[in-house]
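A.B. asks: show me the folded form of this:
(chains A and B)
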Amino acid sequence: MDSVVHAGSFDSEAYWKDASSSKLPAILDEQRAYIVMAMDELLFPFCTPNDGLITRFSIDHAQRDYLNRIGFSFSHLECVDVQQGENIFHPLLRNIHYQRWLTRFQRIAPYAVLEQTTELLQLNFFEQILPSYDVVKHVNSKMYSTELSDQLTGVRRGIPVTNATELAAVCGEMLAAHGAALVKDPFGVSGNGNIKLKSHHAIERLTAYIRSQEHRGKVTTLVVEPLLKVARDFSCHFEIAPDGSTSFIGMQEILNHQFVYQGSAAMREDEKHELERKDYFQVMEQVGQALNRQGYFGPVCVDSMQLMDGTLIPIVEINARKSMGLINLYLNRALSNRRCQGVLSYLSVGYYKELDYGRFLREMQDASLLYPQSGGSGIVPLSSAALLVNQEERRKGGFRAEEGDHLIKGRLYISVFAENSEERQRLVAVLRTILMKLDVSIYD
Amino acid sequence: MFDKIKEILAKVKEDENLTDSLQPNSDLINEVGLDSLQMIGFILEVEETFLVEIDYENFDLKHLNSIETFMSFLNRLEPQHG
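C.D. replies: Numbers count the residues shown, from 1 in each chain, chains lettered A, B, ... in the order given. Got it, this is the predicted structure:
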(Lines give C-alpha, C1' and ligand atoms only; values in the text may rest on other atoms or scores of the structure.)
Protein backbone atom coordinates (compact mmCIF):
# COMPACT_ATOMS: atom_id res chain seq x y z
CA MET A 1 0.00 0.00 0.00
CA ASP A 2 1.23 3.50 -0.85
CA SER A 3 2.48 5.62 1.98
CA VAL A 4 0.61 8.89 2.10
CA VAL A 5 1.40 12.28 3.57
CA HIS A 6 -1.56 14.19 5.00
CA ALA A 7 -1.52 17.97 5.18
CA GLY A 8 -3.84 20.89 4.79
CA SER A 9 -5.12 24.27 5.86
CA PHE A 10 -8.60 24.24 7.40
CA ASP A 11 -9.21 27.81 6.19
CA SER A 12 -8.89 26.73 2.55
CA GLU A 13 -11.81 28.97 1.55
CA ALA A 14 -9.68 32.01 2.43
CA TYR A 15 -7.10 30.89 -0.16
CA TRP A 16 -9.72 30.19 -2.82
CA LYS A 17 -11.21 33.66 -2.44
CA ASP A 18 -9.85 36.21 -4.91
CA ALA A 19 -8.10 39.19 -3.33
CA SER A 20 -10.06 41.37 -5.78
CA SER A 21 -13.44 40.25 -4.33
CA SER A 22 -15.38 42.39 -1.90
CA LYS A 23 -15.75 40.98 1.61
CA LEU A 24 -18.54 40.79 4.14
CA PRO A 25 -17.86 42.67 7.37
CA ALA A 26 -15.80 40.66 9.83
CA ILE A 27 -13.97 41.48 13.02
CA LEU A 28 -10.44 40.22 13.25
CA ASP A 29 -9.77 37.89 16.17
CA GLU A 30 -6.11 36.96 16.01
CA GLN A 31 -6.32 34.17 18.57
CA ARG A 32 -9.23 32.57 16.72
CA ALA A 33 -7.20 32.69 13.50
CA TYR A 34 -4.34 30.82 15.23
CA ILE A 35 -6.75 28.17 16.49
CA VAL A 36 -8.01 27.57 12.92
CA MET A 37 -4.39 27.26 11.73
CA ALA A 38 -3.79 24.64 14.43
CA MET A 39 -6.71 22.49 13.27
CA ASP A 40 -4.49 20.62 10.77
CA GLU A 41 -3.62 18.27 13.66
CA LEU A 42 -7.19 16.91 13.28
CA LEU A 43 -6.06 15.08 10.13
CA PHE A 44 -4.44 12.28 12.18
CA PRO A 45 -7.43 9.87 11.86
CA PHE A 46 -6.61 9.52 8.15
CA CYS A 47 -3.08 8.25 8.94
CA THR A 48 -1.97 4.62 8.80
CA PRO A 49 1.40 3.60 10.35
CA ASN A 50 3.25 4.16 7.03
CA ASP A 51 1.80 7.62 6.62
CA GLY A 52 2.99 11.08 7.52
CA LEU A 53 1.26 14.13 8.94
CA ILE A 54 2.45 17.69 8.46
CA THR A 55 1.25 20.29 10.93
CA ARG A 56 1.85 23.96 11.37
CA PHE A 57 2.52 23.73 15.10
CA SER A 58 4.04 21.08 17.34
CA ILE A 59 1.96 18.20 18.63
CA ASP A 60 2.45 17.91 22.39
CA HIS A 61 4.51 14.77 23.12
CA ALA A 62 1.85 13.57 25.59
CA GLN A 63 -0.72 13.74 22.78
CA ARG A 64 1.61 11.87 20.37
CA ASP A 65 2.13 9.13 22.98
CA TYR A 66 -1.61 8.94 23.62
CA LEU A 67 -2.48 8.71 19.92
CA ASN A 68 0.11 5.94 19.56
CA ARG A 69 -1.50 4.06 22.42
CA ILE A 70 -4.94 4.14 20.82
CA GLY A 71 -3.60 3.01 17.45
CA PHE A 72 -2.70 6.15 15.51
CA SER A 73 0.98 6.11 14.68
CA PHE A 74 2.50 8.14 11.87
CA SER A 75 5.60 10.14 10.98
CA HIS A 76 5.28 13.79 11.83
CA LEU A 77 6.74 16.96 10.36
CA GLU A 78 6.23 20.31 12.00
CA CYS A 79 6.48 23.16 9.49
CA VAL A 80 7.91 25.94 11.59
CA ASP A 81 8.42 28.54 8.87
CA VAL A 82 4.95 29.23 7.53
CA GLN A 83 4.90 32.99 6.94
CA GLN A 84 2.00 35.41 7.40
CA GLY A 85 -0.69 34.78 4.76
CA GLU A 86 0.82 31.45 3.71
CA ASN A 87 -0.77 28.02 3.85
CA ILE A 88 0.96 24.81 4.90
CA PHE A 89 2.06 24.03 1.31
CA HIS A 90 4.13 27.21 0.83
CA PRO A 91 7.10 26.14 2.98
CA LEU A 92 7.08 22.68 1.39
CA LEU A 93 7.76 24.36 -1.96
CA ARG A 94 10.90 26.16 -0.78
CA ASN A 95 12.41 24.21 2.11
CA ILE A 96 14.83 21.51 0.96
CA HIS A 97 14.72 19.71 4.35
CA TYR A 98 10.96 19.37 4.15
CA GLN A 99 11.26 18.20 0.55
CA ARG A 100 13.74 15.51 1.58
CA TRP A 101 11.23 14.34 4.21
CA LEU A 102 8.48 14.21 1.56
CA THR A 103 10.45 11.75 -0.61
CA ARG A 104 9.49 8.87 1.69
CA PHE A 105 5.85 9.09 0.62
CA GLN A 106 4.23 8.09 -2.65
CA ARG A 107 1.15 10.26 -2.41
CA ILE A 108 -0.16 13.40 -0.79
CA ALA A 109 -3.70 13.60 0.61
CA PRO A 110 -4.52 17.28 1.12
CA TYR A 111 -7.39 18.53 3.25
CA ALA A 112 -8.22 20.61 0.18
CA VAL A 113 -6.43 21.32 -3.09
CA LEU A 114 -4.87 24.78 -3.04
CA GLU A 115 -2.74 26.50 -5.67
CA GLN A 116 0.46 25.43 -3.89
CA THR A 117 -0.71 21.79 -3.62
CA THR A 118 -0.71 21.52 -7.41
CA GLU A 119 2.66 23.34 -7.58
CA LEU A 120 4.04 20.72 -5.20
CA LEU A 121 2.90 17.99 -7.58
CA GLN A 122 4.71 19.71 -10.41
CA LEU A 123 7.96 19.22 -8.46
CA ASN A 124 7.43 15.49 -9.08
CA PHE A 125 7.41 14.34 -5.49
CA PHE A 126 4.32 12.24 -5.88
CA GLU A 127 3.13 9.60 -8.33
CA GLN A 128 -0.47 10.80 -8.57
CA ILE A 129 -2.80 13.29 -10.13
CA LEU A 130 -4.99 15.85 -8.42
CA PRO A 131 -7.88 17.87 -9.85
CA SER A 132 -6.79 21.26 -11.16
CA TYR A 133 -6.77 24.18 -8.75
CA ASP A 134 -9.22 26.17 -10.90
CA VAL A 135 -11.72 23.30 -10.93
CA VAL A 136 -11.47 22.83 -7.16
CA LYS A 137 -11.96 26.54 -6.58
CA HIS A 138 -14.95 26.65 -8.94
CA VAL A 139 -16.84 23.70 -7.45
CA ASN A 140 -16.25 24.88 -3.87
CA SER A 141 -17.83 28.25 -4.55
CA LYS A 142 -21.35 28.82 -3.21
CA MET A 143 -22.15 30.29 -6.64
CA TYR A 144 -21.62 26.79 -8.06
CA SER A 145 -23.58 24.95 -5.35
CA THR A 146 -26.45 27.44 -5.74
CA GLU A 147 -26.52 26.92 -9.51
CA LEU A 148 -26.30 23.12 -9.19
CA SER A 149 -29.03 23.05 -6.55
CA ASP A 150 -31.32 25.02 -8.90
CA GLN A 151 -30.58 22.61 -11.75
CA LEU A 152 -30.99 19.36 -9.82
CA THR A 153 -33.90 20.22 -7.55
CA GLY A 154 -35.76 22.74 -9.72
CA VAL A 155 -36.16 25.03 -6.70
CA ARG A 156 -34.51 28.43 -6.77
CA ARG A 157 -33.48 29.19 -3.23
CA GLY A 158 -30.31 31.25 -3.39
CA ILE A 159 -29.94 34.29 -5.61
CA PRO A 160 -26.46 35.33 -6.79
CA VAL A 161 -25.81 39.09 -6.81
CA THR A 162 -22.91 40.88 -8.44
CA ASN A 163 -23.09 44.44 -7.12
CA ALA A 164 -24.28 46.49 -4.14
CA THR A 165 -27.44 47.73 -5.90
CA GLU A 166 -28.57 44.18 -6.70
CA LEU A 167 -27.69 43.15 -3.15
CA ALA A 168 -29.94 45.86 -1.68
CA ALA A 169 -32.83 44.94 -4.00
CA VAL A 170 -32.67 41.17 -3.41
CA CYS A 171 -32.21 41.55 0.37
CA GLY A 172 -35.18 43.94 0.46
CA GLU A 173 -37.34 41.35 -1.33
CA MET A 174 -36.19 38.56 1.01
CA LEU A 175 -36.87 40.73 4.04
CA ALA A 176 -40.41 41.49 2.84
CA ALA A 177 -41.14 37.85 1.95
CA HIS A 178 -39.37 35.96 4.75
CA GLY A 179 -38.62 38.50 7.50
CA ALA A 180 -34.84 38.11 7.09
CA ALA A 181 -32.15 37.49 4.50
CA LEU A 182 -28.98 35.48 4.74
CA VAL A 183 -26.07 36.84 2.71
CA LYS A 184 -23.26 34.39 1.99
CA ASP A 185 -19.74 34.90 0.76
CA PRO A 186 -19.04 32.35 -2.03
CA PHE A 187 -16.01 31.22 0.00
CA GLY A 188 -17.24 31.65 3.55
CA VAL A 189 -16.92 28.99 6.24
CA SER A 190 -18.98 28.14 9.32
CA GLY A 191 -19.68 31.22 11.44
CA ASN A 192 -17.62 33.42 9.18
CA GLY A 193 -18.55 34.60 5.75
CA ASN A 194 -22.29 34.85 6.11
CA ILE A 195 -24.48 37.50 7.64
CA LYS A 196 -28.08 37.53 8.76
CA LEU A 197 -30.01 40.73 7.96
CA LYS A 198 -33.25 41.43 9.78
CA SER A 199 -33.84 45.14 9.17
CA HIS A 200 -33.65 47.78 6.44
CA HIS A 201 -30.92 49.48 8.45
CA ALA A 202 -28.79 46.34 8.39
CA ILE A 203 -29.32 46.02 4.62
CA GLU A 204 -28.34 49.66 4.09
CA ARG A 205 -25.21 49.26 6.23
CA LEU A 206 -24.09 46.12 4.43
CA THR A 207 -24.84 47.66 1.03
CA ALA A 208 -22.84 50.78 1.90
CA TYR A 209 -19.94 48.63 3.09
CA ILE A 210 -19.95 46.60 -0.15
CA ARG A 211 -20.38 49.72 -2.30
CA SER A 212 -17.36 51.41 -0.68
CA GLN A 213 -15.28 48.36 -1.62
CA GLU A 214 -16.61 48.48 -5.20
CA HIS A 215 -15.47 52.12 -5.36
CA ARG A 216 -12.00 50.88 -4.49
CA GLY A 217 -12.13 48.43 -7.43
CA LYS A 218 -13.36 45.26 -5.71
CA VAL A 219 -15.71 42.91 -7.53
CA THR A 220 -18.83 41.65 -5.73
CA THR A 221 -20.13 38.10 -5.86
CA LEU A 222 -22.47 37.10 -3.05
CA VAL A 223 -25.40 34.74 -2.63
CA VAL A 224 -28.61 35.86 -0.89
CA GLU A 225 -30.89 33.23 0.61
CA PRO A 226 -34.09 33.42 2.62
CA LEU A 227 -33.65 32.68 6.30
CA LEU A 228 -35.39 29.34 6.72
CA LYS A 229 -36.66 27.52 9.80
CA VAL A 230 -34.23 24.62 9.97
CA ALA A 231 -35.14 21.43 11.83
CA ARG A 232 -31.84 19.63 11.25
CA ASP A 233 -28.58 19.84 9.33
CA PHE A 234 -26.73 16.81 8.00
CA SER A 235 -24.07 15.93 5.48
CA CYS A 236 -23.40 13.23 2.91
CA HIS A 237 -19.80 12.08 2.42
CA PHE A 238 -18.48 10.34 -0.67
CA GLU A 239 -15.33 10.00 -2.71
CA ILE A 240 -15.09 10.46 -6.48
CA ALA A 241 -12.33 8.44 -8.16
CA PRO A 242 -10.42 9.98 -11.11
CA ASP A 243 -12.47 7.73 -13.46
CA GLY A 244 -15.68 9.30 -12.13
CA SER A 245 -16.88 6.34 -10.07
CA THR A 246 -18.32 7.32 -6.72
CA SER A 247 -17.99 5.50 -3.41
CA PHE A 248 -20.33 6.38 -0.58
CA ILE A 249 -18.63 6.87 2.79
CA GLY A 250 -21.35 7.83 5.24
CA MET A 251 -23.95 10.24 6.59
CA GLN A 252 -23.42 12.63 9.48
CA GLU A 253 -25.76 14.74 11.56
CA ILE A 254 -24.28 18.22 11.85
CA LEU A 255 -24.73 19.89 15.20
CA ASN A 256 -25.08 23.61 14.38
CA HIS A 257 -26.07 26.62 16.40
CA GLN A 258 -26.84 29.88 14.60
CA PHE A 259 -24.87 28.73 11.51
CA VAL A 260 -21.81 27.81 13.57
CA TYR A 261 -20.52 24.25 13.51
CA GLN A 262 -20.77 22.54 16.92
CA GLY A 263 -20.11 18.91 16.10
CA SER A 264 -20.76 15.76 14.06
CA ALA A 265 -22.53 12.52 14.89
CA ALA A 266 -23.44 9.41 12.91
CA MET A 267 -26.92 9.49 11.36
CA ARG A 268 -29.43 6.91 12.59
CA GLU A 269 -30.37 4.10 10.17
CA ASP A 270 -34.09 5.00 10.16
CA GLU A 271 -33.20 8.56 9.16
CA LYS A 272 -31.09 7.24 6.27
CA HIS A 273 -34.06 5.13 5.13
CA GLU A 274 -36.29 8.18 5.24
CA LEU A 275 -33.83 10.06 3.02
CA GLU A 276 -33.73 7.09 0.67
CA ARG A 277 -37.53 7.21 0.35
CA LYS A 278 -37.28 10.90 -0.54
CA ASP A 279 -34.78 10.15 -3.35
CA TYR A 280 -32.04 12.10 -1.54
CA PHE A 281 -29.29 9.70 -2.59
CA GLN A 282 -30.26 10.02 -6.26
CA VAL A 283 -29.56 13.76 -5.95
CA MET A 284 -26.20 12.98 -4.30
CA GLU A 285 -25.28 10.69 -7.20
CA GLN A 286 -26.13 13.49 -9.60
CA VAL A 287 -23.94 15.87 -7.56
CA GLY A 288 -21.06 13.40 -7.90
CA GLN A 289 -21.57 13.15 -11.66
CA ALA A 290 -21.80 16.93 -12.03
CA LEU A 291 -18.60 17.47 -10.01
CA ASN A 292 -16.77 14.90 -12.09
CA ARG A 293 -17.99 16.49 -15.34
CA GLN A 294 -16.38 19.71 -14.07
CA GLY A 295 -13.13 17.76 -13.63
CA TYR A 296 -13.23 17.21 -9.87
CA PHE A 297 -12.33 13.99 -8.12
CA GLY A 298 -11.52 13.41 -4.44
CA PRO A 299 -13.46 13.72 -1.19
CA VAL A 300 -16.85 15.46 -1.14
CA CYS A 301 -19.06 16.61 1.71
CA VAL A 302 -22.50 17.89 0.71
CA ASP A 303 -24.25 19.84 3.47
CA SER A 304 -28.02 19.34 3.47
CA MET A 305 -30.91 20.32 5.68
CA GLN A 306 -34.51 19.58 6.51
CA LEU A 307 -36.87 22.41 7.38
CA MET A 308 -39.42 22.52 10.21
CA ASP A 309 -42.21 21.92 7.65
CA GLY A 310 -40.46 18.74 6.48
CA THR A 311 -39.05 20.17 3.22
CA LEU A 312 -35.77 18.54 2.30
CA ILE A 313 -33.01 20.75 0.89
CA PRO A 314 -30.40 18.31 -0.43
CA ILE A 315 -27.77 20.86 -1.51
CA VAL A 316 -27.03 23.68 0.91
CA GLU A 317 -23.33 23.71 0.24
CA ILE A 318 -20.81 21.53 -1.58
CA ASN A 319 -17.45 21.06 0.07
CA ALA A 320 -15.12 19.41 -2.44
CA ARG A 321 -12.55 18.67 0.23
CA LYS A 322 -12.19 16.77 3.48
CA SER A 323 -14.45 17.88 6.33
CA MET A 324 -15.13 17.56 10.04
CA GLY A 325 -17.83 14.98 9.32
CA LEU A 326 -15.32 12.86 7.39
CA ILE A 327 -12.87 13.08 10.31
CA ASN A 328 -15.64 11.81 12.60
CA LEU A 329 -16.40 8.95 10.20
CA TYR A 330 -12.74 7.89 10.21
CA LEU A 331 -12.48 8.18 14.00
CA ASN A 332 -15.51 5.93 14.36
CA ARG A 333 -14.16 3.45 11.85
CA ALA A 334 -11.06 3.09 14.01
CA LEU A 335 -12.40 3.42 17.54
CA SER A 336 -16.11 2.66 17.78
CA ASN A 337 -17.65 -0.68 18.64
CA ARG A 338 -21.21 -1.98 18.56
CA ARG A 339 -22.03 -0.30 21.84
CA CYS A 340 -20.13 2.97 21.75
CA GLN A 341 -20.22 5.52 18.95
CA GLY A 342 -18.12 8.67 18.93
CA VAL A 343 -19.52 12.18 18.58
CA LEU A 344 -17.06 14.87 17.52
CA SER A 345 -17.43 18.20 19.25
CA TYR A 346 -15.41 20.99 20.82
CA LEU A 347 -15.29 23.28 23.80
CA SER A 348 -14.15 26.90 23.44
CA VAL A 349 -11.95 27.61 26.41
CA GLY A 350 -9.86 30.37 27.95
CA TYR A 351 -7.15 30.36 30.58
CA TYR A 352 -4.68 32.72 32.18
CA LYS A 353 -2.15 30.30 33.66
CA GLU A 354 0.06 28.06 31.51
CA LEU A 355 -1.66 24.78 30.76
CA ASP A 356 0.29 21.51 31.00
CA TYR A 357 -1.17 19.14 28.42
CA GLY A 358 0.44 16.05 30.01
CA ARG A 359 -1.21 16.88 33.32
CA PHE A 360 -4.54 17.41 31.55
CA LEU A 361 -4.37 13.89 30.05
CA ARG A 362 -3.35 12.40 33.42
CA GLU A 363 -6.32 14.10 35.10
CA MET A 364 -8.59 12.65 32.42
CA GLN A 365 -7.10 9.19 32.98
CA ASP A 366 -7.45 9.47 36.78
CA ALA A 367 -11.10 10.42 36.36
CA SER A 368 -11.68 7.32 34.17
CA LEU A 369 -12.51 9.63 31.29
CA LEU A 370 -9.71 9.17 28.78
CA TYR A 371 -10.66 6.77 25.96
CA PRO A 372 -10.70 3.75 26.16
CA GLN A 373 -12.58 3.02 29.35
CA SER A 374 -14.62 -0.11 30.00
CA GLY A 375 -16.78 -1.15 27.05
CA GLY A 376 -15.00 1.25 24.71
CA SER A 377 -16.40 4.47 26.15
CA GLY A 378 -14.39 7.59 26.96
CA ILE A 379 -13.24 10.89 25.53
CA VAL A 380 -10.51 11.22 22.89
CA PRO A 381 -8.85 14.66 22.95
CA LEU A 382 -8.15 15.33 19.28
CA SER A 383 -5.71 18.22 19.10
CA SER A 384 -3.16 19.59 21.53
CA ALA A 385 -2.26 22.49 19.25
CA ALA A 386 -5.81 23.89 18.96
CA LEU A 387 -5.85 24.04 22.75
CA LEU A 388 -2.32 25.35 23.30
CA VAL A 389 -1.45 27.36 20.17
CA ASN A 390 -2.08 30.79 21.66
CA GLN A 391 -0.13 29.88 24.80
CA GLU A 392 2.82 28.93 22.59
CA GLU A 393 2.45 31.98 20.32
CA ARG A 394 2.26 34.31 23.30
CA ARG A 395 5.41 32.71 24.70
CA LYS A 396 7.16 33.30 21.37
CA GLY A 397 5.74 36.83 21.10
CA GLY A 398 4.04 35.79 17.86
CA PHE A 399 1.03 38.06 18.29
CA ARG A 400 0.17 41.26 20.09
CA ALA A 401 -0.28 40.72 23.80
CA GLU A 402 -2.17 43.81 24.80
CA GLU A 403 -2.17 45.13 28.28
CA GLY A 404 -5.10 43.80 30.25
CA ASP A 405 -5.67 41.12 27.66
CA HIS A 406 -3.88 38.08 29.00
CA LEU A 407 -6.61 35.55 28.41
CA ILE A 408 -5.35 32.67 26.29
CA LYS A 409 -8.02 31.25 24.02
CA GLY A 410 -8.09 27.67 22.88
CA ARG A 411 -10.40 25.05 21.49
CA LEU A 412 -10.59 21.56 22.86
CA TYR A 413 -11.66 19.18 20.09
CA ILE A 414 -12.98 15.91 21.47
CA SER A 415 -14.65 12.74 20.35
CA VAL A 416 -16.96 11.38 23.01
CA PHE A 417 -17.54 7.61 22.81
CA ALA A 418 -20.57 6.47 24.75
CA GLU A 419 -23.53 4.11 24.54
CA ASN A 420 -26.13 6.85 24.64
CA SER A 421 -26.53 10.60 24.93
CA GLU A 422 -27.05 10.50 28.74
CA GLU A 423 -23.69 8.80 29.21
CA ARG A 424 -22.11 11.20 26.70
CA GLN A 425 -23.41 14.19 28.67
CA ARG A 426 -22.09 12.67 31.89
CA LEU A 427 -18.61 12.26 30.39
CA VAL A 428 -18.58 15.86 29.14
CA ALA A 429 -19.72 17.06 32.59
CA VAL A 430 -16.73 15.27 34.15
CA LEU A 431 -14.44 16.83 31.53
CA ARG A 432 -15.77 20.25 32.49
CA THR A 433 -14.89 19.69 36.15
CA ILE A 434 -11.36 18.67 35.16
CA LEU A 435 -10.93 21.81 33.08
CA MET A 436 -12.25 23.94 35.94
CA LYS A 437 -9.78 22.25 38.29
CA LEU A 438 -7.01 23.29 35.88
CA ASP A 439 -8.31 26.90 35.95
CA VAL A 440 -9.62 26.66 32.41
CA SER A 441 -12.91 28.46 31.72
CA ILE A 442 -15.38 27.08 29.22
CA TYR A 443 -17.29 29.48 26.99
CA ASP A 444 -20.47 28.01 25.57
CA MET B 1 -27.71 52.30 27.59
CA PHE B 2 -26.71 49.27 29.71
CA ASP B 3 -30.24 47.82 29.61
CA LYS B 4 -30.51 48.36 25.84
CA ILE B 5 -27.18 46.60 25.26
CA LYS B 6 -28.33 43.67 27.42
CA GLU B 7 -31.53 43.44 25.36
CA ILE B 8 -29.56 43.43 22.10
CA LEU B 9 -27.22 40.72 23.42
CA ALA B 10 -30.17 38.56 24.49
CA LYS B 11 -31.69 39.00 21.03
CA VAL B 12 -28.44 38.20 19.17
CA LYS B 13 -27.74 35.16 21.38
CA GLU B 14 -31.42 34.11 21.24
CA ASP B 15 -31.35 33.72 25.02
CA GLU B 16 -33.90 35.76 26.99
CA ASN B 17 -32.36 34.79 30.33
CA LEU B 18 -29.15 36.56 29.43
CA THR B 19 -30.51 39.97 30.52
CA ASP B 20 -30.66 38.72 34.14
CA SER B 21 -27.11 37.41 34.28
CA LEU B 22 -25.20 40.23 32.56
CA GLN B 23 -23.22 42.71 34.62
CA PRO B 24 -21.38 45.89 33.53
CA ASN B 25 -18.10 43.95 33.73
CA SER B 26 -19.34 40.94 31.68
CA ASP B 27 -16.88 40.07 28.90
CA LEU B 28 -18.78 40.13 25.61
CA ILE B 29 -16.66 37.58 23.80
CA ASN B 30 -15.64 35.18 26.50
CA GLU B 31 -18.54 35.29 28.93
CA VAL B 32 -21.37 36.15 26.57
CA GLY B 33 -19.70 34.00 23.93
CA LEU B 34 -20.24 36.25 20.90
CA ASP B 35 -18.76 34.48 17.90
CA SER B 36 -17.66 36.30 14.74
CA LEU B 37 -21.08 36.11 13.08
CA GLN B 38 -22.93 37.21 16.23
CA MET B 39 -20.46 40.07 16.68
CA ILE B 40 -21.47 41.59 13.36
CA GLY B 41 -25.16 41.03 14.19
CA PHE B 42 -24.60 42.73 17.55
CA ILE B 43 -22.82 45.70 15.97
CA LEU B 44 -25.56 46.16 13.35
CA GLU B 45 -28.22 46.20 16.09
CA VAL B 46 -26.17 48.62 18.21
CA GLU B 47 -25.76 50.98 15.25
CA GLU B 48 -29.49 50.98 14.61
CA THR B 49 -30.42 51.48 18.26
CA PHE B 50 -27.91 54.20 19.15
CA LEU B 51 -27.69 55.86 15.70
CA VAL B 52 -23.92 55.41 15.38
CA GLU B 53 -21.62 53.90 12.76
CA ILE B 54 -18.86 51.49 13.73
CA ASP B 55 -15.84 50.94 11.50
CA TYR B 56 -15.74 47.12 11.22
CA GLU B 57 -12.30 46.96 9.66
CA ASN B 58 -10.59 48.90 12.43
CA PHE B 59 -12.74 47.67 15.30
CA ASP B 60 -10.55 46.47 18.14
CA LEU B 61 -11.74 43.41 20.07
CA LYS B 62 -10.63 45.00 23.35
CA HIS B 63 -13.75 47.24 23.15
CA LEU B 64 -15.69 44.06 23.92
CA ASN B 65 -13.71 43.24 27.08
CA SER B 66 -16.72 44.35 29.11
CA ILE B 67 -20.12 45.98 28.54
CA GLU B 68 -18.76 49.02 30.41
CA THR B 69 -15.78 49.31 28.03
CA PHE B 70 -18.09 48.97 25.06
CA MET B 71 -20.38 51.71 26.42
CA SER B 72 -17.43 54.13 26.76
CA PHE B 73 -16.42 53.26 23.19
CA LEU B 74 -19.97 54.04 22.01
CA ASN B 75 -20.04 57.30 23.91
CA ARG B 76 -16.95 58.46 22.03
CA LEU B 77 -18.60 57.89 18.61
CA GLU B 78 -20.23 60.72 16.66
CA PRO B 79 -24.00 60.23 16.46
CA GLN B 80 -25.30 59.73 12.90
CA HIS B 81 -28.54 61.36 11.82
CA GLY B 82 -31.10 59.50 9.82
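
A.B. asks: every contact and neighbour count from this point should use C-alpha atoms.
C.D. replies: OK.

A.B. asks: contacts only, for residue 22.
C.D. replies: No chain in the question, so chain A it is. A:210, A:213-214, A:218-221 (Cα atoms under 8 Å, 6 or more residues apart in numbering or on different chains).

A.B. asks: right idea, wrong chain: chain B
C.D. replies: By Cα under 8 Å, 6+ apart, the residues touching residue B:22 are residue B:6.

A.B. asks: now, among the contacts of residue A:22, which is nearest to residue A:136?
C.D. replies: Nearest to residue A:136 among the contacts of residue A:22: residue A:221, at 17.6 Å, using Cα to Cα.

A.B. asks: of all residues in chain B, which one is closest to chain A?
C.D. replies: With Cα to the nearest Cα as the measure, residue B:37 is the residue of chain B nearest to chain A, at 5.3 Å.

A.B. asks: okay, that residue and residue A:82: tell me how far apart.
C.D. replies: 27 Å (Cα to Cα, to the nearest Å).

A.B. asks: who has more neighbours out of the two?
C.D. replies: Neighbour comparison, residue B:37 and residue A:82: the larger count goes to residue B:37, with 22 against 15 (by other Cα atoms under 10 Å in any protein chain shown).

A.B. asks: element containing that one?
C.D. replies: Taking DSSP states H and E as the criterion, residue B:37 maps to helix B:36-50.

A.B. asks: how far does that helix sit from its chain's centre?
C.D. replies: In terms of Cα atoms, centre = their mean, to the nearest Å, the centre of helix B:36-50 is found 7 Å from the chain centre.

A.B. asks: check stretch A:212-224 too.
C.D. replies: On Cα atoms, centre = their mean, the centre of stretch A:212-224 falls 26 Å from that of its chain.

A.B. asks: repeat that for stretch A:172-184.
C.D. replies: With Cα atoms, centre = their mean, you get 27 Å for stretch A:172-184.

A.B. asks: measure it end to end?
C.D. replies: 15 Å.

A.B. asks: surely the residue of chain B closest to chain A touches residue A:197?
C.D. replies: No: between residue B:37 and residue A:197 there is no contact, the gap being 11.3 Å when judged by Cα atoms under 8 Å.

A.B. asks: let's verify the residue of the stretch 251-400 of chain A found nearest chain B: helix, strand, or coil?
C.D. replies: At 7.7 Å from chain B, residue A:350 is the closest residue in the stretch 251-400 of chain A, using Cα to the nearest Cα. Classification of residue A:350 using DSSP: H, G, I helix; E, B strand; the rest coil returns strand.

A.B. asks: per-residue pLDDT of it, please?
C.D. replies: At residue A:350, the model reports a pLDDT of 91.

A.B. asks: so it sits against residue A:406, correct?
C.D. replies: No: the pair residue A:350 / residue A:406 is not scored as a contact, 9.8 Å apart, by Cα under 8 Å.

A.B. asks: what does the stretch 151-300 of chain A have sitting close to chain B?
C.D. replies: Within the stretch 151-300 of chain A, the positions near chain B by Cα under 8 Å from any Cα of the partner chain are A:191-197, A:201-202, A:205.

A.B. asks: residue boundaries of the helices in chain B?
C.D. replies: Using DSSP state H, the helices of chain B run over B:2-12, B:18-21, B:36-50, B:67-75.

A.B. asks: that older thread, what about the residue of the stretch 251-400 of chain A closest to chain B, neighbour count?
C.D. replies: Other residues close to residue A:350 by other Cα under 10 Å number 19.

A.B. asks: how about the nearest residue to it, chain neighbours excluded?
C.D. replies: The shortest distance from residue A:350 to any non-neighbouring residue, by Cα to Cα, 6 or more residues apart in numbering or on different chains, is to residue A:409 (4.4 Å).

A.B. asks: next: residue B:6.
C.D. replies: residue B:19 (5.3 Å).

A.B. asks: please apply the same query to residue A:242.
C.D. replies: residue A:297 (5.4 Å).

A.B. asks: the one you found: neighbouring residues, count only.
C.D. replies: Neighbours around residue A:297, by other Cα under 10 Å: 27.

A.B. asks: got a list of what it touches?
C.D. replies: Going by Cα under 8 Å, 6+ apart, the list of residues near residue A:297 reads A:130-131, A:239-242, A:244, A:291.

A.B. asks: angles on the backbone of residue A:262, please.
C.D. replies: Phi and psi for residue A:262, reported as degrees, to the nearest 10, are phi -120, psi -20.

A.B. asks: that one reaches residue A:345, doesn't it?
C.D. replies: Yes: between residue A:262 and residue A:345 a contact is recorded at 6.0 Å, counting by Cα under 8 Å.

A.B. asks: more neighbours, the two?
C.D. replies: Between residue A:262 and residue A:345, residue A:345 has the larger neighbour count (other Cα under 10 Å), namely 20 against 15.

A.B. asks: direction included, what does the host helix or strand of that one pair up with?
C.D. replies: Following DSSP H and E, one finds residue A:345 within strand A:341-351. Strand pairing for strand A:341-351, using DSSP bridges, gives strand A:260-266 (antiparallel), strand A:408-418 (antiparallel), strand A:440-443 (antiparallel).

A.B. asks: please identify the most buried of these.
C.D. replies: Compared across those, strand A:408-418 shows the largest average neighbour count, a mean of 24 (mean count of other Cα atoms under 10 Å in any protein chain shown).

A.B. asks: and the next helix or strand past that strand?
C.D. replies: helix A:421-437.

A.B. asks: chain A - how does it break down into domains?
C.D. replies: Following automatic domain parsing, one finds the domains of chain A at A:4-129, A:155-226, A:229-324, A:336-443.

A.B. asks: list buried residues within the contacts of residue A:22.
C.D. replies: A:210, A:213-214, A:218-221 (16 or more other Cα atoms under 10 Å in any protein chain shown).

A.B. asks: make TSV from these and add secondary structure and pLDDT to it.
C.D. replies: Output for the buried ones among the contacts of residue A:22, formatted as TSV (DSSP: H, G, I helix; E, B strand; the rest coil; pLDDT from 0 to 100):
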residue	secondary structure	pLDDT
A:210	helix	94
A:213	helix	93
A:214	helix	96
A:218	coil	96
A:219	strand	97
A:220	coil	97
A:221	coil	96
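
A.B. asks: farthest-separated two in these?
C.D. replies: A:213 and A:221 (12.1 Å).

A.B. asks: residue ranges with poor pLDDT in the chain?
C.D. replies: Answering for chain A, as no chain was given. A:190-192, A:258-260, A:398-405 (pLDDT under 70).

A.B. asks: my question was about chain B, not that one.
C.D. replies: B:79-82.

A.B. asks: phi, psi for residue A:55 please.
C.D. replies: phi -130, psi 160.
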